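Asker: got a sequence here, can you model it:
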Amino acid sequence: MQLYFPILFFLGAYVLTYFTIPKIIGLVEHKKLMDQPNKRSSHVKITPTLGGIAFFYTLVFALFFLKGWGNHDEAIYFIPGLTILFIIGLKDDLLVLSPYTKLAAQLVSILFILSNESFMIHSLNGFLGIHEVPVYLYYGVAGFVMLTIINAYNLIDGIDGLAAIVGVVILIIYTTIFYITGEYFFVLLCLTLNGALIAFLSFNLSSNKKIFMGDTGSLIVGFIISTLTLKFLALSPESYNSLPFLLENVPLIAISILIVPLFDTARVFTIRLANKKSPFSPDRNHTHHILIDYFKISHQQASFIIGGFNLIFVIFFIILGSSSYNLYLVIALIATVLFLGYFFYRFDYSFANIKRKILFRRKVDNLKNEVKKGGEKFIHKKKRTIK
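Answerer: Just a heads-up that it's a prediction; the model follows:
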């Protein structure tokens, strides 16, 4: 691949996004389609949203020129999925859809990717002793993996810069992996989206030209990242030989690349279920919210800290995965998760505290009901006395 191709796709995406986002901001402000802050918002004033519109047409434009680069016409399979998620994300940003409507749209989008041979996972290459993967198991597991990644990325889009910075880190890693393995279609796709994200970031972190990517953007970026993850897992054994880690450690390396969105999603879902709430119910229990609320740092500082941790963690796992087998990497991953869990345990988000809060809430509700019933009985008795 000639050097000017990566530069062309990256700069083209950057320029296209950078010069069209102000137009989107102007249109959103003119039509009053602003994001209104609420009790769980991290921003305090109305802000333009729909920045993800720029991601959509930038990617579609790039896929037109990429259609001859793939080995299995991958570009054609991306467009229907991106279009579905663009429409659903746009409608959700404007009207707010139910989580189940969005899940249904995501499943349909995922089916287009799973139907392409390029993403078929035939083997896990000895990970946890698993080699051959049956076709029926592939569709179930791959669909679940993509669905998890899309929603995990969607959930971390809660403060200025976080989703874009984490996305940039993940895409840099995948760009490197696909370049080493000779998958140039995916190299150029990563660079295109990275150019768009970096251009968007300059507005997302701005004080006077701020815009959010919205669900329109986070669903599209999550969809691309989930597809890249699937492709990473579907590479041939020969391709893995050029990578600096053992073949059987590939699934664990994929988890390490996505550690930030996966850990945060697992954590907030656990807390919500412990509180007997829907896992999709909004709150301020996210990792980035805790960093802001308890450590009193800015959005930018929290975003760069989390993004930096993601990059360092991946580098650490790649080094460890170059010589260590599954067992040691699994132990390292579990130890990290437990450490992070304990770290946030200290900030009043432990199961014990959650349980105490739940019990206290129930007592308060019972007391309210008793007072209400007592009041109703008193009023009823008073009416009888008057009669």
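
Asker: point out where the stretch 201-350 of the chain drops to low pLDDT.
Answerer: By pLDDT under 70, the low-scoring segments of the stretch 201-350 of the chain are 342-350.

Asker: check which helix or strand covers the residue nearest to the spatial centre of the chain.
Answerer: The chain has Y153 as the residue nearest its centroid, 0.4 Å off, counting by CA atoms, centre = their mean. Using DSSP states H and E, Y153 sits within helix 135-155.

Asker: in stretch 289-309, what's buried?
Answerer: Buried residues in stretch 289-309, counting neighbours by 16 or more other CB atoms under 10 Å, are found at H289, I290, L291, I292, H299, A302, S303, I305, I306, G307, F309. Just so you know, the C-beta spots here come from the backbone N, C-alpha and C atoms, and that holds for glycine as well.

Asker: point me to the helix or strand that includes the first one.
Answerer: Going back to what we said before, that points to H289. Following DSSP H and E, one finds H289 within helix 287-295.

Asker: now that helix, how far from the centre of its chain.
Answerer: Centroid separation for helix 287-295 versus its chain: 18 Å, with CA atoms, centre = their mean, to the nearest Å.

Asker: stretch 327-340 too?
Answerer: That offset, for stretch 327-340, works out to 21 Å (CA atoms, centre = their mean).

Asker: re the thing from before, tell me the helix or strand right after the helix holding H289.
Answerer: helix 299-321.

Asker: elements contacting the one helix or strand K231 maps to?
Answerer: If you go by DSSP H and E, K231 is part of helix 214-234. Under the contact criterion of 3 or more CB pairs under 8 Å, 6 or more residues apart in numbering; DSSP states H and E, helix 214-234 touches helix 52-66, helix 74-95, helix 99-114, helix 135-155, helix 162-180, helix 184-204, helix 250-257.

Asker: could those helices go into JSON lines alongside distance to Y328?
Answerer: What follows is those, written out as JSON lines (distance: least, CB to CB, whole Å):
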{"stretch": "helix 52-66", "distance to Y328": "38"}
{"stretch": "helix 74-95", "distance to Y328": "35"}
{"stretch": "helix 99-114", "distance to Y328": "32"}
{"stretch": "helix 135-155", "distance to Y328": "23"}
{"stretch": "helix 162-180", "distance to Y328": "21"}
{"stretch": "helix 184-204", "distance to Y328": "29"}
{"stretch": "helix 250-257", "distance to Y328": "10"}
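
Asker: which of the ones you listed sits closest to S218?
Answerer: Ranking these by distance to S218, with CB to CB as the measure, places helix 135-155 first at 4.5 Å.

Asker: and that closest one with helix 162-180, angle?
Answerer: Following axes from the mean of the first three to the mean of the last three CA atoms, to 10 degrees, one obtains 140 degrees for the angle between helix 135-155 and helix 162-180.

Asker: what are the buried residues along helix 135-155?
Answerer: Applying a neighbour-count criterion of 16+ other CB under 10 Å, one finds 138-139, 142-143, 145-155 buried in helix 135-155.

Asker: between those, which sits nearest F212?
Answerer: Using CB to CB, N154 is the member of the buried residues of helix 135-155 that sits closest to F212, with 12.6 Å.

Asker: pull up the per-residue confidence for the closest one.
Answerer: Note for N154: predicted pLDDT of 93.

Asker: same check, this time on G375
Answerer: 61.

Asker: try K368
Answerer: Reported pLDDT for K368: 70.

Asker: quick one: it is in a helix?
Answerer: Yes. Counting by DSSP: H, G, I helix; E, B strand; the rest coil, K368 is found in a helix.

Asker: thought S123 was touching G129?
Answerer: No. Counting by CB atoms under 8 Å, S123 stays clear of G129, with 11.9 Å between them.

Asker: those two - which one has more neighbours?
Answerer: Taking neighbours as other CB atoms under 10 Å, S123 and G129 compare with S123 leading, 15 against 8.

Asker: identify the residues contacting that one.
Answerer: Listed by CB atoms under 8 Å, 6 or more residues apart in numbering, the contact set of S123 reads I130, H131, E132, V133, P237.

Asker: in helices only, show me these.
Answerer: P237 (DSSP state H).

Asker: in strands, which of the contacts of S123 fall?
Answerer: Counting by DSSP state E, the contacts of S123 place I130, H131, E132 in strands.

Asker: and the pLDDT for the first one?
Answerer: This means I130. 84.

Asker: that one is in contact with L137, isn't it?
Answerer: No. Because the distance of 9.8 Å does not satisfy CB under 8 Å, I130 is recorded as not touching L137.

Asker: show me which strand runs longest in the chain.
Answerer: strand 123-127.

Asker: got the buried residues for it?
Answerer: Buried, per 16+ other CB under 10 Å, within strand 123-127: L124, N125, F127.

Asker: before we move on, back to that, now rank the contacts of S123 by neighbours and give me the top one.
Answerer: In terms of neighbours by other CB under 10 Å, the contacts of S123 top out with V133 at 17 neighbours.

Asker: tell me the contacts of that residue?
Answerer: With CB under 8 Å, 6+ apart, V133 has these contacts: I121, H122, S123, L124, V141.

Asker: quick check: it vs I319, distance?
Answerer: Separation of V133 from I319 (CB to CB, to the nearest Å): 27 Å.
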